[in-house]
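Participant: no FASTA, just this:
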Ligand SMILES: [Zn+2]
C-alpha cells in the first residue's frame, strides 16, 4: 500500500510544474528499517517502483559516525560509496538521490521535496529567512545556502538538533536557501495539507504574480537571432524562441535584466547553464554569444535579446526543452522575490561547486 501511495504522490507533484520541473525534486517512504528514495536521474512525473532505491537505514546511519577525508572531493567520493553500500541488493545498479541522507533524517513516513517557483521566491530573496520565520514559526527551519550532498545533510542535522534543544517540536517544513523545501508527514493527506497551507500563506504575501502567458515575437526578429546562434554554434542547433510579458520587461536593459544574470538554484545551473547570455539588441547578440563562450569556457544554452524574447538552444531536443522550462521558472522566481526584499543569487563559490560536482554532472547526463 505504501509503495502505491509513494508512486501516486510522486507522480502527482512531479507532473505539476508549479512544484517540480525536469529531474528536480525527490520523494521517499520509510519504515523503521528501510527507506525507498528516488533514484538519481529519475523524474518524479513518470517514476514507478523501479525508479526508487531501497536503502538500509541502519547502514545509512553509520555515515554520521564515519571518519571522512578533509579533502572535499575525496570526502564526497567516500560518502557516495557508503551511500551505495547502504542499498539493498537489486538487479539494477541505481544511485539513490543526492538528497538521500537528508530524507533519512526526517522521522516521518513520507517526505516530498520540491523546488516550487513560489517557494523559491522566498528562498532566493533578501528577506528569505525572516519571511519564512514570520509565516511558519516553529514548524519550520531555515538552512542557509550550502553545498549539496553530505554537507547539506549535516547542516540540516545540526539545525534540527538545535531546534529541538529549544524544546520545539520536530520541524515539518525545511526551507533550503536557493534550493527548495522539504515537507514531511505520516500520511499523504498530511503532506497535501501542508503544501496547501504553505502555498496559500506565501501567496497571501505576494504583491505581484508572474505573467506567464506566452507572447509571440515578430518572425523577422526571431529569424535574425536564430541566424546569429547558427553562425556561432553551427546551423545544426535546435533553437526554441519564446517570450512573455515578464521576459519582455526584464529584458529592456542591462539594469532591468539584473535579477536574471546569475543562478537562483542548482536546477537552473544543471538544466540551462549557470547564466544566460544577454544582448541589448539583435545586432549585438552574435558578439555576446562569442564573448560568453570565451569568458566562461562553455557554450551557453539560453540567450535573451531585448525586444526579441528568449532563446533556448542546443543539439538535443529534450535538453533544449528543459533549458526553456527552467528559464521560465527563473523568470517567475525573479518576480516573486520582489515581494520578499529582492533577489539573492547563489554565491559564486556555490555555483562553481555545482558546475564541477560529479554528482550533478551525472544527474544532467542521465536526465537526457
Ligand atoms: Zn532538491
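Facilitator: Received it, and whenever you're ready, just let me know what you need. Just so you know, these numbers come straight off a predicted model, no measurement behind them.
Participant: C-alpha only now, for contacts and for neighbours.
Facilitator: Noted.
Participant: And the most centrally placed residue in the chain, which helix or strand is it part of?
Facilitator: The chain has residue 267 as the residue nearest its centroid, 3.6 Å off, counting by Cα atoms, centre = their mean. Assigned by DSSP states H and E, residue 267 falls within helix 266-272.
Participant: Quick one: name whatever helix or strand follows that helix.
Facilitator: strand 277-279.
Participant: other SSEs contacting that following strand?
Facilitator: When contacts are defined as 3 or more Cα pairs under 8 Å, 6 or more residues apart in numbering; DSSP states H and E, strand 277-279 packs onto helix 285-296, strand 302-305.
Participant: Quick check: next helix or strand after the last one?
Facilitator: Proceeding C-terminally, strand 302-305 gives way to strand 309-314 as the next helix or strand, assigned by DSSP H and E.
Participant: Centre of the chain to the helix holding residue 267, how far?
Facilitator: Relative to the centre of its chain, helix 266-272 is centred 7 Å away, using Cα atoms, centre = their mean, to the nearest Å.
Participant: That helix - contacts with which helices or strands?
Facilitator: In terms of contacts (3+ Cα pairs under 8 Å, 6+ apart), helix 266-272 is packed against helix 317-336, helix 348-356, helix 358-366.
Participant: burial measure for residue 23, as a count.
Facilitator: Residue 23: 22 surrounding residues under other Cα atoms under 10 Å.
Participant: Name the helix or strand for it, please.
Facilitator: When the helices and strands are read off by DSSP H and E, none of them contains residue 23.
Participant: Next one: it from residue 311, what distance?
Facilitator: Going from residue 23 to residue 311 by Cα to Cα, to the nearest Å gives 21 Å.
Participant: show me the contacts for the residue nearest to residue 32 when sequence neighbours are not counted.
Facilitator: Spatially, and ignoring its direct neighbours in sequence, residue 32 is nearest to residue 57 (7.6 Å; Cα to Cα, 6 or more residues apart in numbering). Shown in contact with residue 57 (Cα atoms under 8 Å, 6 or more residues apart in numbering): 32, 33, 34, 35, 86, 104.
Participant: go on, residue 269?
Facilitator: Residues in contact with residue 269, defined by Cα under 8 Å, 6+ apart, are 263, 275, 351, 354, 355.
Participant: Could you do residue 174 as well?
Facilitator: Neighbours of residue 174 in contact, by Cα under 8 Å, 6+ apart: 140, 141, 142, 143, 181, 182, 183.
Participant: Ok, residue 201 next?
Facilitator: residue 135.
Participant: State the three-state secondary structure for the residue in the chain sticking out farthest from the centre.
Facilitator: Here the centre of the chain is the reference, and by Cα atoms, centre = their mean the most remote residue is residue 220, at 34.5 Å. Look at residue 220: counting by DSSP: H, G, I helix; E, B strand; the rest coil, its state is helix.
Participant: that older thread, so which of the contacts of residue 269 is the closest to residue 224?
Facilitator: residue 275 (22.1 Å; Cα to Cα).
Participant: Out of the helices and strands packed on strand 277-279, flag the one nearest residue 239.
Facilitator: Per Cα to Cα, nearest to residue 239 of the helices and strands packed on strand 277-279: strand 302-305, 9.4 Å.
Participant: which secondary structure elements does that closest one contact?
Facilitator: Counting by 3+ Cα pairs under 8 Å, 6+ apart, strand 302-305 packs on strand 277-279, strand 309-314, helix 317-336.
Participant: And the average pLDDT for that strand is what?
Facilitator: In this model, strand 302-305 has a mean pLDDT of 98.
Participant: Repeat that for stretch 56-73.
Facilitator: 92.
Participant: Compute the first-to-last residue distance for it.
Facilitator: Terminal residues of stretch 56-73 are spaced 25 Å apart (Cα to Cα).
Participant: in it, what counts as buried?
Facilitator: Under the neighbour-count criterion of 16 or more other Cα atoms under 10 Å, stretch 56-73 has 56, 57, 60, 63 buried.
Participant: What about those residues, which are in helices?
Facilitator: Of the positions in these, 57, 60 sit in helices, assigned by DSSP state H.
Participant: can you tell me which of the helices and strands packed on strand 302-305 comes nearest to residue 296?
Facilitator: Closest among the helices and strands packed on strand 302-305, using Cα to Cα: strand 277-279, at 11.0 Å.
Participant: Provide the strand pairings for that closest one, with the direction of each partner.
Facilitator: strand 302-305 (parallel) (DSSP bridges).
Participant: Now do the partner strand: distance to the chain's middle.
Facilitator: Computed by Cα atoms, centre = their mean, the chain-centroid distance of strand 302-305 equals 21 Å.
Participant: JSON lines for the contacts of residue 57, including secondary structure?
Facilitator: As requested, the contacts of residue 57 are exported to JSON lines (three-state DSSP):
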{"residue": "32", "secondary structure": "coil"}
{"residue": "33", "secondary structure": "coil"}
{"residue": "34", "secondary structure": "strand"}
{"residue": "35", "secondary structure": "strand"}
{"residue": "86", "secondary structure": "coil"}
{"residue": "104", "secondary structure": "helix"}
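Participant: Let's test this: mean pLDDT of the helix holding residue 267, rounded?
Facilitator: For helix 266-272, mean pLDDT is 88.
Participant: do stretch 119-138 as well
Facilitator: The average pLDDT within stretch 119-138 is 97.
Participant: residues making contact with it?
Facilitator: 140-142, 168-169, 171, 175-181, 199, 201-202, 264-265, 332-338, 340-346.
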